[in-house]
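1. okay, structure incoming, though there's no sequence with it:
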Ligand code: HEM
């Protein structure tokens, strides 16, 4: 997989697990077409390019959210636990902590709290940082 310069671009990703790749939102925003489509859901970045034409809800809804934070739409649909499980295979990294601004940060926190226990973040540093 190609390295993305967005990761840890602020210098160092210290204080958090080094195995997590961080992406700036501006990098995510560039992946906004059917050629390459990334989404953010609950502070995590997913490359769903190969899932696009497999999505049971159709590709259009995904394209509408392409390159953006789809947490709300994802939750609004009331996706099953199977759908949540599926997310894992498309996970490529976390949103860079600098992009989790107060507004976004509290949104992330709100969502995580609402979904507790979060199957994805129980042991994730980002979650520990923002969900406490
Ligand atoms: C990568 C992220 C996503 C995955 C893995 C995923 C997976 C699925 C799955 C497995 C279903 C079948 C129903 C279920 O099991 O819940 C589904 C249905 C659906 N999804 Fe997604 N989905 C994703 C993102 C989204 C997003 C961002 C939207 C935005 C609106 C969306 C809208 C829908 C809709 C409208 C349905 C049809 C619901 C129905 O027929 O009742 N999905 N999705």
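-> Yep, it's here. Remember, it's a predicted structure, so these values are computed and weren't measured experimentally.

2. C-alpha only now, for contacts and for neighbours.
-> OK.

3. roughly how far apart are residue 49 and residue 38?
-> According to CA to CA, to the nearest Å, residue 49 stands 7 Å off from residue 38.

4. between these two, point out the one with more neighbours.
-> Taking neighbours as other CA atoms under 10 Å, residue 49 and residue 38 compare with residue 38 leading, 29 against 20.

5. so what sits opposite that one in the bridge?
-> Here residue 38 sits in beta bridges with residue 47, going by DSSP bridges.

6. who touches it in this structure?
-> Residue 38 is in contact with 28, 29, 31, 32, 45, 46, 47, 48, 49, 66, 67, 68, counting by CA atoms under 8 Å, 6 or more residues apart in numbering.

7. ok, and of those, which contact the ligand?
-> Among the contacts of residue 38, the ones lying near the ligand by CA under 6 Å from any ligand atom are residue 48.

8. sort out for me which of the contacts of residue 38 are in helices.
-> Among the contacts of residue 38, the members found in helices (DSSP state H) are 28, 29.

9. quick one: contacts for the residue lying closest to residue 59 once chain neighbours are set aside?
-> The spatially closest residue to residue 59, leaving aside those adjacent along the chain, is residue 52, at 5.3 Å (CA to CA, 6 or more residues apart in numbering). By CA under 8 Å, 6+ apart, the contact list for residue 52 reads 34, 58, 59, 62.

10. distance of residue 52 from residue 99?
-> Applying CA to CA, the value for residue 52 to residue 99 is 26 Å.

11. max pairwise distance over the contacts of residue 52: which two?
-> Farthest-apart pair in the contacts of residue 52 is 34 and 58; separation 12.5 Å (CA to CA).
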